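Chemist: no FASTA, just this:
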């Protein structure tokens with residue numbers, strides 16, 4: 001196990017390397033949470049409500065985190081639940097936003113400054129001034145963070161992205177990514193993987209048609225004669241198909257969810 005630590009200043013967020021347009025990895029998202037948490041308590045104005053955001057806490061919507069990281073909202077929600085299950089954060093019930101607390105926050109800080117920080121915290125708790133989250137920003141102006149930088153379109157986790165492409169022979173659009181995340185929330189990751197594999201073998205090439213073909217348990221219903229337009233299906237899988245979905249010799253590119261790089265698979 002590696003020991004020791006480095007001091008990482010929040011100014012790194014202004015560096016051109018950090019501002020690079022990309023899809024965040026889980027590690028980058030965790031570092032971003034650490035940097036966005038308050039190092040001292042502040043009052044936060046949330047519309048008609050004022051809450052006190054303590055040291056080690058942050059108040060941002062799932063949409064805001066998703067925009068910062070280039071993720072979907074569903075993926076952010078699952079990531080925060082993952083951190084919670086590993087006792088890395090605590091999620092506090094708050095209306096219309098996400099109030100989180102980083103556990104063991106002081107272990108990431110310089111102990112030489114701890115006494116000074118505690119004094120500042122006590123002083124600020126007695127103040128009535130309404131401040132913004134993380135000293136500078138609140139959840140209402142998060143869209144202006146990082147200047148005019150545009151976040152990349154969200155992508156799916158790598159494994160489901162690959163299966164999606166093998167099924168529909170192309171990368172999913174923004175809307176299709178969101179719809180896929182909804183399917184994952186409803187039926188679970190493993191079930192959706194099987195749905196897409198079956199859809200690929202049956203020749204679906206339109207996600208909307210696939211969704212309308214699912215029953216309440218996520219099973220593809222038998223085709224009804226004349227119900228579907230032939231243009232919603234491909235002919236390549238009706239005859240001379242490979243032995244299984246994974247034997248399909250198709251070559252394709254996909255966007256890696258961690259690095260954002262385009263990866264080529266196949267011949």
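Modeler: Cool, the structure landed. Everything numeric here is computed off the predicted structure, so don't read it as measured data. Residues are numbered from 1 along each chain as shown.
Chemist: what pLDDT does residue 222 get?
Modeler: On pLDDT, residue 222 comes in at 82.
Chemist: what's the answer for residue 186, then?
Modeler: pLDDT recorded at residue 186 is 88.
Chemist: distance check, it against residue 2.
Modeler: Taking CB to CB, to the nearest Å as the measure, residue 186 falls 40 Å from residue 2. All C-beta atoms are positioned from the backbone trio N, CA, C, and that covers glycine.
Chemist: what do you get for residue 220?
Modeler: Distance of residue 220 to residue 2, given as CB to CB: 48 Å.
Chemist: out of these two, which sits in the busier spot?
Modeler: residue 220 (15 against 4; other CB atoms under 10 Å).
Chemist: tell me where this protein is predicted with low confidence.
Modeler: Applying pLDDT under 70 to the chain flags the ranges 110-155, 223-267.
Chemist: tell me where it has helices.
Modeler: 26-36, 62-69, 73-85, 114-125, 158-168, 174-187, 189-202, 207-212 (DSSP state H).
Chemist: now the ones you listed as CSV including distance to residue 91?
Modeler: Converted to CSV, these look like this (distance: least, CB to CB, whole Å):
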stretch, distance to residue 91
helix 26-36, 12
helix 62-69, 11
helix 73-85, 6
helix 114-125, 22
helix 158-168, 25
helix 174-187, 17
helix 189-202, 21
helix 207-212, 30
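Chemist: could I get those helices as JSON lines with distance to residue 47 and mean neighbour count?
Modeler: Listed next are those as JSON lines, based on distance: least, CB to CB, whole Å; neighbours: other CB atoms under 10 Å:
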{"stretch": "helix 26-36", "distance to residue 47": "20", "mean neighbour count": "17"}
{"stretch": "helix 62-69", "distance to residue 47": "15", "mean neighbour count": "20"}
{"stretch": "helix 73-85", "distance to residue 47": "20", "mean neighbour count": "17"}
{"stretch": "helix 114-125", "distance to residue 47": "22", "mean neighbour count": "13"}
{"stretch": "helix 158-168", "distance to residue 47": "36", "mean neighbour count": "20"}
{"stretch": "helix 174-187", "distance to residue 47": "25", "mean neighbour count": "17"}
{"stretch": "helix 189-202", "distance to residue 47": "35", "mean neighbour count": "18"}
{"stretch": "helix 207-212", "distance to residue 47": "34", "mean neighbour count": "16"}
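Chemist: spatially nearest residue to residue 167 (excluding sequence neighbours)?
Modeler: Excluding the flanking residues, the one nearest residue 167 by CB to CB, 6 or more residues apart in numbering is residue 200, at 3.6 Å.
Chemist: over to residue 77?
Modeler: Nearest to residue 77 is residue 62, by CB to CB, 6+ apart, at 5.9 Å.
Chemist: wait, what's in contact with the one you found?
Modeler: Applying CB atoms under 8 Å, 6 or more residues apart in numbering, we find residue 62 in contact with 73, 76-77, 80, 98.
Chemist: how about the residues you listed in CSV, adding distance to residue 180?
Modeler: As requested, the contacts of residue 62 are exported to CSV (distance: CB to CB, whole Å):
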residue, distance to residue 180
73, 13
76, 15
77, 14
80, 19
98, 22
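Chemist: of these, which is the nearest to residue 42?
Modeler: Taking CB to CB as the measure, residue 42 sits nearest to residue 98 out of the contacts of residue 62, at 16.5 Å.
Chemist: which ones are touching that closest one?
Modeler: So residue 98 contacts 59-62, 65, 80, 91 (CB under 8 Å, 6+ apart).
Chemist: let's see that with 7 Å instead.
Modeler: Counting by CB atoms under 7 Å, 6 or more residues apart in numbering, residue 98 touches 60-62.
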